[in-house]
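>>> Quick one, structure for this:
(one chain, ligands or ions: 1)
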Amino acid sequence: MNYSNIIFEKEGNLAIVKINRPKALNALNSDTLKELDNVIDAIAQDDEVYVVVLTGEGKAFVAGADISEMKDLNPMDGRNFGMLGNKVFRKLENLGKPVIAAVNGFALGGGCELSMACDIRIASNKAKFGQPEAGLGITPGFGGTQRLARLVGEGMAKQLIYTGDIITSEEALRIGLVNKVVEPEVLLDEAKGMANKIAKNAPIAVKLCKAAINKGMQMDIDSALMYEAEVFGLCFSTEDQKEGMTAFVEKREKEFKNR
Ligand code: DAK
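Residues are numbered from 1 along each chain as shown. Down below sits the predicted model:
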């Protein structure tokens, strides 16, 4: 597929995906959501890609769902738009590879929600976060009420969603919405550095860690620990487990093969 609204590049074992509608502050219209859907499928099937970095072109990460497109939707089109977005965000969240959001600027509404569907958020000190939907007469629709509450707690999520306040990346760091804040010039290198560090570990183990955390967070503790034991056991069916432990015992560098 040729992309018009995103840029997709591969660097070694990393995939770099950039939302590329800078004139509209990378607002997510349905064409962009469809391209994202397609690129996530392509990345899922690409055994060379171990980690994904997601960022935005220009001064925004993503300034939300596209208000000009949503404004005149009838209820059925609104439902279809919402279902498309939810499908894409969930696919990203469940992708069997870690996704790091490098949040370069505005991450508002659907943009904040997109960053929260990623595993890790690194933000520029120029980034701004918020869920301003209530001021537009709608509720967050791409998982904001759920993922924000899970990340920062119910009280803080309610404060941000009810007021629509836009917060700085420093405040986002303080409340646990982002993992790290860096200068804008080093944002992408910082995200790629972390991605490459992850990519050096056994990809299947990392994938199972993601599944254990994501699924376990939705379970009671006993079921979650049982699930952890299952994926732990599964690791012993991989060549990379043998390689990792043998290399340790033989005091040599390990060479993982994603098998
Ligand atoms: N949609 C469409 N265009 C947008 C946009 C957006 N969300 N955000 C910015 N733009 C466009 C502006 O219209 C402007 O276009 P031109 O006038 O140049 O043609 C261009 O980007 C530059 O924006 P500004 O001139 O406004 O730039 P400033 O630096 O002055 O202001 C800003 C930046 C980010 C503070 C401002 O643009 C802004 O407030 N933008 C809107 C932010 C926002 O409210 N975001 C939340 C959108 S609502 C659902 C699913 C999803 C959702 C809801 C339901 N269901 C499943 C039911 C999601 C909703 C949202 O995300």
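>>> Neighbours of the spatially closest residue to V62 that is not a sequence neighbour, how many?
Nearest non-adjacent residue to V62, counting by C-beta to C-beta, 6 or more residues apart in numbering: G111, 3.1 Å away. For the C-beta atoms, the positions are set from N, CA and C on the backbone; glycine is no exception. G111 has 31 neighbours, counted by other C-beta atoms under 10 Å.
>>> can you tell me which residues contact G111?
26, 28, 56, 60-64 (C-beta atoms under 8 Å, 6 or more residues apart in numbering).
>>> same deal with C118?
C118 neighbours (C-beta under 8 Å, 6+ apart): 54, 92-93, 99-101.
>>> How many residues are close by the residue in the stretch 1-150 of the chain positioned nearest to the ligand?
The minimum distance from the stretch 1-150 of the chain to the ligand, using C-beta to the nearest ligand atom, falls at G141 (1.8 Å). The tally of other residues near G141 (other C-beta under 10 Å) stands at 19.
>>> That one in helix, strand or coil?
State at G141, reduced to three classes by DSSP: H, G, I helix; E, B strand; the rest coil: coil.
>>> Isn't it up against A65?
Yes. Assessed by C-beta atoms under 8 Å, G141 is found in contact with A65 at 7.3 Å.
>>> follow-up on the earlier one: please see if the helix or strand where the residue nearest to V62 lies touches the ligand.
Following DSSP states H and E, the helix or strand that holds G111 is helix 110-116. Yes. Between helix 110-116 and the ligand, judged by C-beta under 6 Å from any ligand atom, the touching residues are G110.
>>> Would you confirm that E35 contacts I7?
No. With contacts counted by C-beta under 8 Å, E35 stays clear of I7, the gap being 10.2 Å.
>>> more neighbours, those two?
Legend: neighbour count by other C-beta under 10 Å for E35 and I7, higher for E35 (21 against 13).
>>> what's that one in contact with, if anything?
Contact analysis of E35 by C-beta under 8 Å, 6+ apart lists 1, 3-6.
>>> okay, the residues you listed in TSV with secondary structure next?
What follows is the contacts of E35, written out as TSV (three-state DSSP):
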residue	secondary structure
M1	coil
Y3	coil
S4	coil
N5	coil
I6	strand
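>>> got the residues of the stretch 101-250 of the chain near the ligand?
So the stretch 101-250 of the chain meets the ligand at 106, 108-110, 132-133, 136, 138, 141-142 (C-beta under 6 Å from any ligand atom).
>>> Strands of the stretch 1-150 of the chain, residue ranges please.
6-11, 14-19, 51-56, 60-62, 99-103, 106-108, 120-124, 128-130 (DSSP state E, counting those that start in this stretch).
>>> Is stretch 80-100 in proximity to the ligand?
Yes. Looking at stretch 80-100 against the ligand by C-beta under 6 Å from any ligand atom, the contacts come from 82, 85-86.
>>> List the buried residues of that stretch.
81-82, 84-86, 88-89, 92-93, 95, 97-100 (16 or more other C-beta atoms under 10 Å).
>>> Alpha carbons only: can I get it in CSV?
Provided in CSV are the C-alpha atoms of stretch 80-100 (Å, rounded to 0.1, in the frame of the first residue of the first chain):
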residue,chain,number,x,y,z
ASN,A,80,-18.4,3.4,11.8
PHE,A,81,-15.7,6.0,12.4
GLY,A,82,-15.5,5.1,16.1
MET,A,83,-15.4,1.4,15.4
LEU,A,84,-12.6,1.8,12.9
GLY,A,85,-10.6,3.8,15.4
ASN,A,86,-11.2,1.4,18.2
LYS,A,87,-10.2,-1.5,16.0
VAL,A,88,-6.9,0.2,15.0
PHE,A,89,-6.0,1.2,18.6
ARG,A,90,-6.8,-2.2,20.0
LYS,A,91,-4.7,-3.8,17.2
LEU,A,92,-1.8,-1.6,18.1
GLU,A,93,-2.2,-2.4,21.8
ASN,A,94,-2.3,-6.1,21.1
LEU,A,95,0.5,-6.1,18.5
GLY,A,96,3.0,-8.8,19.5
LYS,A,97,5.8,-6.2,19.5
PRO,A,98,6.4,-3.3,21.8
VAL,A,99,5.4,0.2,20.6
ILE,A,100,7.1,3.3,21.9
